[in-house]
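[1] Got a sequence here, can you model it:
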Amino acid sequence: MPISHDPSTREAKLAEALRTNLRKRKAPARGSFDENTAALEAAKLAPRPYGVVRELLGISHGDGERVALRVEMSAPFRAPDSSEWAVAVRLVGDGGQFDTEAGKAAFGRDGLSATRKAIDLVQVAIDLASITHDLRWPEDEAPYDLSAPI
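    Residues are numbered from 1 along each chain as shown. This is a model prediction of the structure:
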């Protein structure tokens, strides 16, 4: 197959390859169905208000609709019926699985480890949002680098 010399075509193919690679790397962080159920239930008990971690502009791949996306995290809290700690994560604005009243929780043996796992969960939420939206910085609309650390 010949390689296209059109920069926009090459850039689109590289971006899709990056998204695919990120999905494969981050799939283990999503956990099993039972873990997701616990994550949803624990997030409902998270202390409010959540802190804003990142603000992005999402441009829908389907219709070009522009929407403000806001990634939020809770403060660490004791997980219900457990010795673990939890931190809730939600992504407001994309309508995906993290765009709920409470979001999802990440668990750890203490507040710091729960926060570290929540940061991984933030990366997963942003990766999932990139499937339906072109992610950009709101100030100058520069493309958001999915491989950039939170």
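
[2] Isn't I126 up against V89?
    No: between I126 and V89 there is no contact under Cβ atoms under 8 Å: 10.2 Å. In short, each C-beta sits where N, CA and C put it, glycine included.

[3] Buried residues of the helix or strand harbouring A118, list them for me.
    If you go by DSSP states H and E, A118 is part of helix 111-132. Residues 113-115, 117-130 are the ones in helix 111-132 that count as buried (16 or more other Cβ atoms under 10 Å).

[4] A strand includes V67, no?
    Yes: assessed with DSSP: H, G, I helix; E, B strand; the rest coil, V67 lies in a strand.

[5] where do the strands sit along the chain?
    In the chain, the strands defined using DSSP state E lie at 51-60, 66-73, 77-78, 85-92, 104-108, 133-136.

[6] Save these as TSV, and put in mean neighbour count too.
    Formatted as TSV, the strands of the chain follow (neighbours: other Cβ atoms under 10 Å):
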stretch	mean neighbour count
strand 51-60	16
strand 66-73	18
strand 77-78	16
strand 85-92	26
strand 104-108	25
strand 133-136	20
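
[7] how far is stretch 116-133 from where the chain is centred?
    With Cα atoms, centre = their mean, to the nearest Å as the basis, stretch 116-133 stands 2 Å off its chain's centre.
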